[in-house]
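[1] Below is the sequence, then the predicted model.
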Amino acid sequence: MKSIAVFGSKESLEGLKKIELTEENIAIDGFEAIKFVETRFTVSDFSLYDWIFFGSKRGIDFFFKRINPKEVKGLKIACVGKKTAEKLKQFNLKPDFIPTNYSSEHFFKEFTEKYKHIKGILFPTSDLSNTNLEEGFNKKGIHFKKIIVYKTVCSDFKLLKDYKAYIFLSPSSFNCFAEKYPYDFLKERIVCAIGSVTAKEIDKHGIKCIFPQTFSLKEALKLTISKLGG
């Protein structure tokens, strides 16, 4: 039996139910390693901004839990990608800018090449978001306000057994695992990340990690199963 443990948020693990695997003798257990909690935040003056950036669907959800969508009607909206942009439809909003190929560096370059006169940018995000965009716009003298609309915290989870392979769906999922369990044993297991950012975080701990070319749970599972062999 090929046993695989997958660690992520409740939302990311829901994808396991939708994935059909043709190979038999595979046991996959999902573990909710992280969860997201809303923060108390306020935006004192929307007139300071002409743009609002959303880096995830989750950021949109948590932002509009406290902010009426009517308050941002006068702002242009940039989204990290198409799936994030689709989330805006729930609030009767639509994006004005989506980068053609997302990375924080590409997002910054493409946006600043297209838009030259920017008053201010509001960026609702998580406590774990990187600072690349903030640093880039600040260097250009553009007011960039990051507000923390939700935090990532570790969930209380317990391993059911030892597994032949371990898949991590985010850097924070791995970090919460590493806080809870001595992780050196992973050096003797197959470890897969959903993408390169998560892989880099795992590599920092001295653990060899693989990741698929297409960053998805389905592709991570297919790659992991191929490495398990017979």
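    Looks like it arrived, so ask away.
[2] where do the helices sit along the protein?
    Under the criterion DSSP state H, the chain carries helices at the ranges 10-13, 57-66, 82-87, 104-114, 132-139, 171-180, 196-203, 217-228.
[3] pLDDT (mean, whole number) over the fifth one?
    Regarding helix 132-139, the rounded mean pLDDT is 88.
[4] re the thing from before, pick the most deeply packed of the helices of the chain.
    The highest mean neighbour count among these, using mean count of other C-beta atoms under 10 Å, belongs to helix 171-180: a mean of 21. Heads up, the C-betas are built off the backbone N, CA and C, glycines and all.
[5] Measure how far the direction of that helix deviates from that of helix 196-203, in degrees.
    Orientation of helix 171-180 against helix 196-203 (axes from the mean of the first three to the mean of the last three C-alpha atoms, to 10 degrees) gives an angle of 20 degrees.
[6] got a list of contacts for helix 171-180?
    7-9, 33-34, 128, 152, 154-155, 157, 166, 168, 183, 193, 197-198, 200-202, 205 (C-beta atoms under 8 Å, 6 or more residues apart in numbering).
[7] List buried residues within those.
    Neighbour counting over the contacts of helix 171-180 (16 or more other C-beta atoms under 10 Å) leaves 7-9, 33-34, 152, 154, 157, 166, 168, 183, 193, 198, 201-202 as the buried ones.
[8] As CSV, the helices of the chain with distance to Phe46 would be great.
    Listed next are the helices of the chain as CSV, based on distance: least, C-beta to C-beta, whole Å:
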stretch, distance to Phe46
helix 10-13, 29
helix 57-66, 12
helix 82-87, 20
helix 104-114, 20
helix 132-139, 18
helix 171-180, 30
helix 196-203, 31
helix 217-228, 37
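[9] centre of the chain versus stretch 138-152, how much separation?
    With C-alpha atoms, centre = their mean, to the nearest Å as the basis, stretch 138-152 stands 17 Å off its chain's centre.
[10] Only C-alpha atoms, please: export it in PDB.
    Taking C-alpha atoms only, stretch 138-152 is exported to PDB below (Å, rounded to 0.1, in the frame of the first residue of the first chain):
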ATOM      1  CA  ASN A 138       8.000  52.500  -1.700                       C
ATOM      2  CA  LYS A 139      11.200  52.900  -3.700                       C
ATOM      3  CA  LYS A 140       9.200  54.700  -6.400                       C
ATOM      4  CA  GLY A 141       7.700  57.000  -3.800                       C
ATOM      5  CA  ILE A 142       4.200  55.600  -4.200                       C
ATOM      6  CA  HIS A 143       2.100  55.300  -1.100                       C
ATOM      7  CA  PHE A 144       1.600  51.600  -0.500                       C
ATOM      8  CA  LYS A 145      -0.500  50.500   2.500                       C
ATOM      9  CA  LYS A 146      -0.500  46.900   3.500                       C
ATOM     10  CA  ILE A 147      -3.200  45.900   5.900                       C
ATOM     11  CA  ILE A 148      -3.400  42.500   7.600                       C
ATOM     12  CA  VAL A 149      -7.000  41.200   7.100                       C
ATOM     13  CA  TYR A 150      -6.300  37.600   8.300                       C
ATOM     14  CA  LYS A 151      -3.600  35.600  10.100                       C
ATOM     15  CA  THR A 152      -2.400  32.100   9.600                       C
END
